[in-house]
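> Task: produce atomic coordinates for the following.
(chains A and B)
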Protein chains: 2
Amino acid sequence: MTATLDSLPDGSVTSPRGFSAAAAHAGLKADGAPDVALLVSATSCATAGVFTRNAVRAAPVLYDADLLSERPGRVRAVAMNARVANACTGAAGLDAARAMAQAAEQAAGLPPRTALVLSTGVIGVPLPVAPVADGLRQAAARLSAEGGADAARAIMTTDTRPKHCAVRLDTPSGAITVGGIAKGAGMIHPDLATLLAVLTTDAVAEPATLAPLLHRVADRTFNAISVDGDTSTNDTVLLLANGTSGVDPARDGALWTQFEAAVQQVARTLALAIVADGEGATKVLEIHVVGGTSEKAAREIGRAIARSTLVKTAIYGADPNWGRVLAAAGAAGVPLTVDRLTLQAAEGDEWLTLATGGATANPDLGRARSVFQQKTIRLRLDLGVGRAEAVVWTCDLTPDYVRINADYTS
Amino acid sequence: MTATLDSLPDGSVTSPRGFSAAAAHAGLKADGAPDVALLVSATSCATAGVFTRNAVRAAPVLYDADLLSERPGRVRAVAMNARVANACTGAAGLDAARAMAQAAEQAAGLPPRTALVLSTGVIGVPLPVAPVADGLRQAAARLSAEGGADAARAIMTTDTRPKHCAVRLDTPSGAITVGGIAKGAGMIHPDLATLLAVLTTDAVAEPATLAPLLHRVADRTFNAISVDGDTSTNDTVLLLANGTSGVDPARDGALWTQFEAAVQQVARTLALAIVADGEGATKVLEIHVVGGTSEKAAREIGRAIARSTLVKTAIYGADPNWGRVLAAAGAAGVPLTVDRLTLQAAEGDEWLTLATGGATANPDLGRARSVFQQKTIRLRLDLGVGRAEAVVWTCDLTPDYVRINADYTS
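Next up is the predicted model:
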C-alpha cells in the first residue's frame, strides 16, 4: 500500500475535516491583539497529551492530565489563552482552569468535561476568568474552518510569527489530513520557554495507540528543541483525532508508519519554526549526533550541546570556537570515549573536520570562520561507538534575548 | 581548645609559611600581561585535588589526577598558564602538560614528578611549550613570599580582578595560615567557565584526611557557584599543606573542625569573588534553600534556580518575576511537594513573602520591585519537608555576557 504526503499551503489545526476555530480579544494583551482561542471538533476525539516534566505543574496541565486519564476518547474542544500562565496559583488556579473549560463547553454547546485548556504567560498571576470566558464566547460565535491561523496568532507571547502548518496523506483508502499550531519563543531551552502545540487529524484512532505515537514524535521534534526536557510549568503537546476521514491507519502496519511520519512532519515543521523564532535569535544550529550506543544517549549529548550558553554565544559571534562543542558534549552526563570523537561542520555539500580522535584536526581557520558565518550551521558529532543517532536544534544566544527577558512581567 | 580566625589583608597562596610564587609574561596574552605563574613550597606538601566531572578532561587535569593518585604527599610546585587550556589536544597535549611540569621542576631545582600543572583558556589549541617553559624559568628566578597576588593576576582570563585571600587561625598550639588564589569569570555556570583555585596552608596534614575535607569544602563553595557541577574541561581546585607551622589540626577533633572552617572561609571568599566578577555581571543572587530532606537535594534545587537563564535575566532587569524561581526549582529533577513551598526575598532585615503553599502570596508589587533592584538579592526557598539546607550563589545574565563570549577565540 503506497501513500503520498503533501504539505498544505497555509495549513493549520482546522485543515483536517471536522475542526473549526476562532480567536478573540479578552483584554489580556495590552495592544488589543487576540489573546484567547477556541478549537472545536464536530465529533469526539481520541486524544493524547505530552506534558511538562517540571515538578511545578501549572493548573491547566493538572486539569488536562486528569481529564485525559479519565476520558481520552471524548474530547471536543481546546480553549487557549496567552499572557497569564495560571501557574503557581494553587487551588484557586485549578478552579480557574475548570471554569475556563466549562466556559468553553457552554459557549460551544458541548457536554461537560469535553474541553481541554492551555495557558501561557506570566507565572504566579491569577487567571482573570470572567474576561477569558467572555472571550471564549466571542470566539464560539465565529468558529470557522479557516480559524486555525487566528488561533495560532492568539497564543503568541514573545513569538514574532504565528506557527501553523498541515499535511495531507493520500492513501488508497482515502486522504488523512494532519494539522497543527504552536507557540514557543523563549531561548527554547534550557528552561522555561513555554511550548504549546495542538495537533489535529481526521484519521480514525484509538487513544491507546495515539499516546505512544505522540510520545515518539515529541521526542524527535518538540523535545529535541526543548533541552532540559520539558521544564516549563505549562509545556503541553496535544494530538486530537476526530475520525472524520473514515480512514483508520492502524488497520495496516505500513500505513500506521506513514501516518506517524505525517504527524512527525507537522511536529517537526512547528518545532523548527519555534527555534527560528527563538527570542532574539539570528541563527539556527542543527546538531546531528551519530555513532551512539542508543538514540537516547545521542539525544542527551545533542541537548547538552544545544543548551550550552558558550556554544550559543559562539554561534551568535560566528566564532569557530568548536572546542566549546566538545566540552559541552563532555558535560552531558553520558559516558564518552573521547579519543573516538569526530566533529564536523557542513560546508555546502562537504564536511569540514574540526576535531578527530577527540583532538583538534587543525582545520583551516578561514574555512572554519566562513562555516560559522552561515545563517544555519550544521554540526555532525560522531561518537564512534555505535549506530544510533539523533538530531537536535537550537538557536544562538544574543544580547536581544537578554533584553526581551529582563523585563517580561511588567 | 579555642581558636580565633582572622582574615589577612592582601593575603594569598604565599601567606602561609614556606610558600613562594612569581609570575611572568610568556607571550600568550597579546597585551604583555603576565600569563604564566609558578608556586613553590620549601618542603613536600600533602595535596588534595578536586577535578572537573566533564567526560572531556583537559591534559593538565589528566596529568594532575595521575600524579596525585601516585604521590599525593610529595608535591612541591604548581605551574600555571592562561590563554591556552591544553584541552582537546590528544596525546600531544599530554606530552605538553608533562613538559610544562618538567620545565617547572627544572627551573625551581625540584625532583621529578613534584610539580602539578594548571591551564585555562581556549580549547583545542596546542600549548606552546617553549615559551611557557621560558616563562616558568623567568618566574623561578624571582620567586618571593609576596608573589601570590602576581600569580592570581597571571591566571586571569576574562576576569576583571585578581582573586586572592588568606586567613590565620590562632590555636593554643600555634598559628595556622590558609591562603588561596582563583580565577573564574564566565557565567560561572551552567557550563564551561573554567574555575581554577589553588589553596595553600602551613598546617601539618595527611593526604588521606585532606582529600575528604577538600571535597566537603568545594561542595559548599566552588561547586555551589559552578552549577551543572564541574563541567569545564579544566576545572581544578588544589589544596597543598606543607606542614611548616608544625601544627597538626588532626590531633584534636575540635581543631580539625576549625581548620576546615578556615579552609572553607578562604574558598568561600574566592567563590564569591568569582560570582561578583562573572562576565558582564552587575548583580549577585544568593539562594538559600532550606527545609530539604538532604543537603544534596537542597543544593540541586538551588543550582537549578542559579542556572536558569530566565531567573538570571529577571535579576538583570530588576524584574520581580518570582514565578520563574519556582518554575526553575521544579525543573531540578528533585521531587517537590509543591503546596509546601514558600519563597521569600530579603528586604533589609525583613523577609518579603512572594509565594506560599506553592502559590502566589500576592506580594506588594512596589516592595517586590525595590527588593529586586538591590545590588545583592537574597532569596530563601523553604521546601517545607525537612531540615537540610544549602546556599548557592549566581550572578545576573546581561547583554555584556553575550558580547564577551561571542568572540573569544579570535
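
> Going by C-alpha atoms from here, please, whenever you check contacts or count neighbours.
Noted.

> A:Ile287 versus A:Arg380, what's the distance?
6 Å (Cα to Cα, to the nearest Å).

> So for these two, which residue has more residues nearby?
Between A:Arg380 and A:Ile287, counting by other Cα atoms under 10 Å in any protein chain shown, A:Ile287 is the more crowded of the two (24 against 20).

> Ends of stretch A:353-369, what's the gap?
Span of stretch A:353-369 from end to end, Cα to Cα: 13 Å.

> quick one, what contacts the nearest residue to A:Gly32 once chain neighbours are set aside?
Among residues not flanking A:Gly32 along the chain, A:His25 sits closest, at 6.4 Å (Cα to Cα, 6 or more residues apart in numbering or on different chains). Residues counted as contacts of A:His25 (Cα atoms under 8 Å, 6 or more residues apart in numbering or on different chains) are A:Gly32, A:Ala33, A:Pro34, A:Asp35, A:Val36, A:Gly135.

> Quick one: buried ones out of these?
Neighbour counting over the contacts of A:His25 (16 or more other Cα atoms under 10 Å in any protein chain shown) leaves A:Ala33, A:Pro34, A:Asp35, A:Val36, A:Gly135 as the buried ones.

> Looking at those, which one is closest to B:His215?
Nearest to B:His215 among these is A:Asp35, at 51.7 Å by Cα to Cα.

> what sits against that closest one?
A:23-29, A:81-83, A:154-156.

> The stretch 151-300 of chain A: helices as residue ranges?
With DSSP state H, counting those that start in this stretch as the criterion, the stretch 151-300 of chain A has helices at A:207-220, A:253-276, A:295-306.

> in the next helix or strand after the last one, what's buried?
Pointing back at helix A:295-306 there. Once helix A:295-306 ends, the next helix or strand along the chain (criterion: DSSP states H and E) is helix A:309-316. For helix A:309-316, the buried set under the neighbour-count rule, 16+ other Cα under 10 Å, comprises A:Thr309, A:Leu310, A:Val311, A:Lys312, A:Thr313, A:Ala314, A:Ile315, A:Tyr316.

> could you say what helices and strands helix A:309-316 packs with?
If contacts are counted by 3 or more Cα pairs under 8 Å, 6 or more residues apart in numbering or on different chains; DSSP states H and E, helix A:309-316 sits against helix A:323-330, helix B:399-406.

> just how off-centre is that helix within its chain?
Here helix A:309-316 shows a centroid-to-chain-centroid distance of 22 Å under the convention Cα atoms, centre = their mean, to the nearest Å.

> Kindly report the same for stretch A:285-298.
With Cα atoms, centre = their mean, you get 20 Å for stretch A:285-298.

> same question, stretch A:53-61
The answer for stretch A:53-61 is 16 Å, by Cα atoms, centre = their mean.

> can you check stretch A:56-65 too?
Using Cα atoms, centre = their mean, the offset of stretch A:56-65 from its chain centre is 17 Å.

> for stretch A:266-277, same thing?
7 Å.

> go on, stretch A:114-130?
19 Å.

> for that stretch, which positions count as buried?
Those would be A:114-127, A:129, for stretch A:114-130 by 16+ other Cα under 10 Å.

> what do you get for stretch A:37-50?
A:37-41, A:43-50.

> again with stretch A:348-356
A:Leu352, A:Thr353, A:Leu354, A:Ala355, A:Thr356.

> does the fourth one have beta-bridge partners, and which?
Beta-bridge pairing for A:Ala355 (DSSP bridges): A:Leu343, A:Thr360.

> Check whether it really touches A:Arg340, as I assumed.
No - the pair A:Ala355 and A:Arg340 does not pass the contact test of Cα atoms under 8 Å, sitting 10.2 Å apart.

> Nearest to chain B among the contacts of A:His25?
Nearest to chain B among the contacts of A:His25 is A:Asp35, at 20.8 Å by Cα to the nearest Cα.

> ok, now which ones touch A:Val178?
A:Val178 neighbours (Cα under 8 Å, 6+ apart): A:13, A:15-16, A:166-168, A:199-202, A:262-263, A:266.

> Go again with 6 Å.
A:Pro16, A:Ala166, A:Val167, A:Thr200, A:Thr201 (Cα atoms under 6 Å, 6 or more residues apart in numbering or on different chains).

> And the residues you listed, which two are furthest apart?
Top of the distance list for those (Cα to Cα): A:Val167 and A:Thr200, 10.7 Å.
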